[in-house]
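Build me a structure from this.
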Amino acid sequence: MTHEVTKEAERAADGEWVPWREATERALYGPRGFYLRPEGPAGHFRTSVHASPLYAGAVARLLEETARSLPAGVTEIALVDVGAGRGELLTGVLAALPDGFPVRAYAVERAARPAGLDPRIEWCGRPPAGVSGLLFANEWLDNVPVDVAETDGEGVRRYVLVRADGEERLGNPVTGADAEWLDRWWPPTGPGGRAEIGRPRDEAWAAAVATLDAGLAVAVDYAHDAAARPPFGTMTGFRGGREVHPLPDGSCDITAHVALDACARPGAELLSQREALHRLGVSGGRPPLALASSDPAAYVRALSRAGEAAELTAHGGLGDFTWLLQPIPRA
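Numbers count the residues shown, from 1 in each chain. Below you'll find the predicted structure:
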């Protein structure tokens, strides 16, 4: 299988049964696909990027740190935003960087370039190869389509097939590379247990990381690890800011949490967004009350920033995202 729209996925719109990966590909990225709509992801759900400019400021600091770690002779620092939406994160990072910082910004997205975007941002369909700097993928991998497997009453793991109306049935047994991935990363839990087969995400991430000559690659997503795989999977839908039943008809987002531990290569680090942002200076601590007397306006601004930081790092919320940090030393 590939990530391209297939004849099987096209048939899903006509009421035929297809695997979830193919149905999702068409629903999100095919003709009239959810992610190609003019309003973009921000029209349906709020990410850390939209929650506060503090997030872009933290990424800007991470880019500066990455730049200092690059080999001598690198004069142009790449910032590659994979799954860039409508360029919101890059716009914020460029505004937060110091004047004169030698950055070249790339937005990697399948939708068309939005009108009015900062001309410094290059719009492309895939990550540029042979660059050095920071590759950042915020809530990208959860929208790389995957197949779903379910264990039947006899203990056989089978592909779950779906129609455009969301109805499901079991298909053929899972074999080959998909079965090997499940055996290694998501062992069965008994009849009725489900799993999202993360192999396409591993491959997509590896391909993105391979475009960096040196620097740091970061993936941020809701995730789970081998010690705590959800027994019935995580696939769901979102529309208009609300969680909905995942319908592969183009009417909603279709997403599933990511097995980021399977994506990680040697030398990678996995940590919560709370930990990552704390390292980058984002803290939800309240400003000192003395500031309210000495400079009331500054106190109000600081209090607002503290509230935004608290949202970005909250337990049970955005702070529970996982960051995968993959250093790329120059060969």
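
quick one, what contacts the closest residue to R199 other than its chain neighbours?
Closest residue to R199 apart from its sequence neighbours, by CB to CB, 6 or more residues apart in numbering: W181 at 4.3 Å. C-beta here means a position set from N, CA and C on the backbone, and glycine is covered the same way. Applying CB atoms under 8 Å, 6 or more residues apart in numbering, we find W181 in contact with 197-199, 202, 262.

Tell me which of the residues you listed fall in strands.
I197 (DSSP state E).

so can I have TSV of the contacts of W181 showing neighbour count, distance to S52 and pLDDT?
What follows is those, written out as TSV (neighbours: other CB atoms under 10 Å; distance: CB to CB, whole Å; pLDDT from 0 to 100):
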residue	neighbour count	distance to S52	pLDDT
I197	24	34	98
G198	27	30	98
R199	22	34	98
D202	20	31	98
A262	18	30	98
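
As CSV, the contacts of W181 with distance to A149 would be great.
CSV is the format used below for the contacts of W181 (distance: CB to CB, whole Å):
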residue, distance to A149
I197, 6
G198, 11
R199, 11
D202, 16
A262, 15
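
ok, back up a step: how close does the residue nearest to R199 sit to P200?
In this view, W181 and P200 are 10 Å apart by CB to CB, to the nearest Å.

cool, P191 as well?
26 Å.

ok, now R86?
24 Å.

same question, A268
In terms of CB to CB, A268 sits 19 Å off from P200.

Could you do L325 as well?
From L325 to P200 the distance is 22 Å (CB to CB).

how far out from the middle of the chain is the host helix or strand of W205?
When secondary structure is defined by DSSP states H and E, W205 falls within helix 199-209. For helix 199-209, the separation from the chain centroid amounts to 12 Å (computed by CA atoms, centre = their mean, to the nearest Å).

mind saving the C-alpha coords of it as CSV?
What follows is helix 199-209 as a C-alpha-only set of coordinates in CSV (Å, rounded to 0.1, in the frame of the first residue of the first chain):
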residue,chain,number,x,y,z
ARG,A,199,4.3,1.1,10.4
PRO,A,200,3.3,3.8,7.9
ARG,A,201,4.1,6.4,10.6
ASP,A,202,7.5,4.9,11.4
GLU,A,203,8.3,5.1,7.7
ALA,A,204,7.0,8.6,7.2
TRP,A,205,9.0,9.8,10.2
ALA,A,206,12.1,8.1,9.1
ALA,A,207,11.8,9.7,5.6
ALA,A,208,11.3,13.1,7.1
VAL,A,209,14.3,12.7,9.5
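
Which strands and helices lie in contact with it?
Here helix 199-209 touches strand 131-138, helix 176-185, strand 212-221, helix 260-263, going by 3 or more CB pairs under 8 Å, 6 or more residues apart in numbering; DSSP states H and E.

which residues are contacting it?
1, 3, 21, 82, 127, 135, 137, 141, 144-146, 177-178, 181, 217, 219, 258-259, 262-263, 265, 326, 328.

now with 7 Å?
3, 21, 82, 127, 135, 137, 141, 144-146, 177-178, 181, 217, 219, 258, 262-263, 326, 328 (CB atoms under 7 Å, 6 or more residues apart in numbering).

Count the neighbours of L94 for me.
18 (other CB atoms under 10 Å).

For my notes, confirm it occurs in a helix.
Yes - according to DSSP: H, G, I helix; E, B strand; the rest coil, L94 belongs to a helix.

And the residue nearest to R199, how far from Y222?
20 Å.

And the strands in the stretch 1-150 of the chain, which stretches?
Using DSSP state E, counting those that start in this stretch, the strands of the stretch 1-150 of the chain run over 18-19, 77-82, 103-108, 121-124, 131-138, 147-151.

Relative to the fifth one, what are the paired strands and their orientations?
The reference is to strand 131-138. Sheet partners assigned to strand 131-138 using DSSP bridges are listed as strand 77-82 (parallel), strand 212-221 (parallel).

To T47, which of those strands lies closest?
strand 212-221 (9.1 Å; CB to CB).

And the next helix or strand past the closest one?
Next in sequence after strand 212-221, counting helices and strands by DSSP H and E, comes strand 236-239.

Can I get that next one in CSV, CA atoms only?
Extracted in CSV, the C-alpha atoms of strand 236-239 (Å, rounded to 0.1, in the frame of the first residue of the first chain):
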residue,chain,number,x,y,z
THR,A,236,-11.6,9.0,16.6
GLY,A,237,-12.9,12.0,14.7
PHE,A,238,-13.1,15.7,15.3
ARG,A,239,-15.4,18.3,13.7
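
Quick one: distance of that strand to the chain centre.
15 Å.

same deal with stretch 245-256?
Averaging C-alpha positions (CA atoms, centre = their mean) puts stretch 245-256 16 Å from its chain's average.
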